[in-house]
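Peer 1: Sequence first, then the predicted structure:
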Amino acid sequence: MSLANRARGGFGEDMVSRWYERHGYRVIDRNWRDGRRGEIDIVASSPDGVIVFCEVKARASAAFGHPFEAITPTKVARIRRVAAAWLSAHPGAPSGVRLDAAAVLGVEIEVREGIG
């Protein structure tokens, strides 16, 4: 991954973290990694106590497609596996969970709740 793409990804994750916080969520973890399974971009707790695992895709433009196009069924399955690993590593976490996806296109944010 190029340095520019890595910076764009970090920018997108920062924006989405702030979006969650503005909507009453508490960001618990960022870029949590399970060596075998992969990484969760954002883990947050909703105002009603649900643990939210969010995959963030950020692009400067739609020239290579909308960011949501990169979140395939295979990617959702990976997010589920990493979310299960996070829950195992955090005993006592609330049992309610949700998988979200966030697209950052330029400076516009769209969050889709409950993707899988």
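Peer 2: Arrived safely, thanks for sending. Numbering: from 1, shown residues only.
Peer 1: rest of the way, CA atoms for contacts and neighbours
Peer 2: Noted.
Peer 1: Which elements pack onto whichever strand or helix holds residue 99?
Peer 2: According to DSSP states H and E, residue 99 maps onto strand 97-105. For strand 97-105, the contact count by 3 or more CA pairs under 8 Å, 6 or more residues apart in numbering; DSSP states H and E identifies helix 3-22, strand 51-59, strand 108-112 as packing neighbours.
Peer 1: Now distance to residue 29, mean pLDDT and mean neighbour count too, for these, in TSV please.
Peer 2: Below are the helices and strands packed on strand 97-105 laid out as TSV (distance: least, CA to CA, whole Å; pLDDT from 0 to 100; neighbours: other CA atoms under 10 Å):
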stretch	distance to residue 29	mean pLDDT	mean neighbour count
helix 3-22	10	87	16
strand 51-59	9	96	25
strand 108-112	18	96	15
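Peer 1: possible to save these as TSV with distance to residue 101?
Peer 2: Shown next, in TSV, are the helices and strands packed on strand 97-105 (distance: least, CA to CA, whole Å):
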stretch	distance to residue 101
helix 3-22	10
strand 51-59	5
strand 108-112	5
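Peer 1: out of the ones you listed, nearest to residue 41?
Peer 2: strand 51-59 (5.5 Å; CA to CA).
Peer 1: what's the distance between the closest one and the middle of its chain?
Peer 2: 2 Å (CA atoms, centre = their mean, to the nearest Å).
Peer 1: List the strands paired with it, with their directions.
Peer 2: strand 38-45 (antiparallel), strand 97-105 (parallel) (DSSP bridges).
Peer 1: Need the ones you listed in CSV (columns: mean neighbour count, distance to residue 12 and mean pLDDT).
Peer 2: Below are the strands paired with strand 51-59 laid out as CSV (neighbours: other CA atoms under 10 Å; distance: least, CA to CA, whole Å; pLDDT from 0 to 100):
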stretch, mean neighbour count, distance to residue 12, mean pLDDT
strand 38-45, 22, 10, 96
strand 97-105, 21, 6, 96
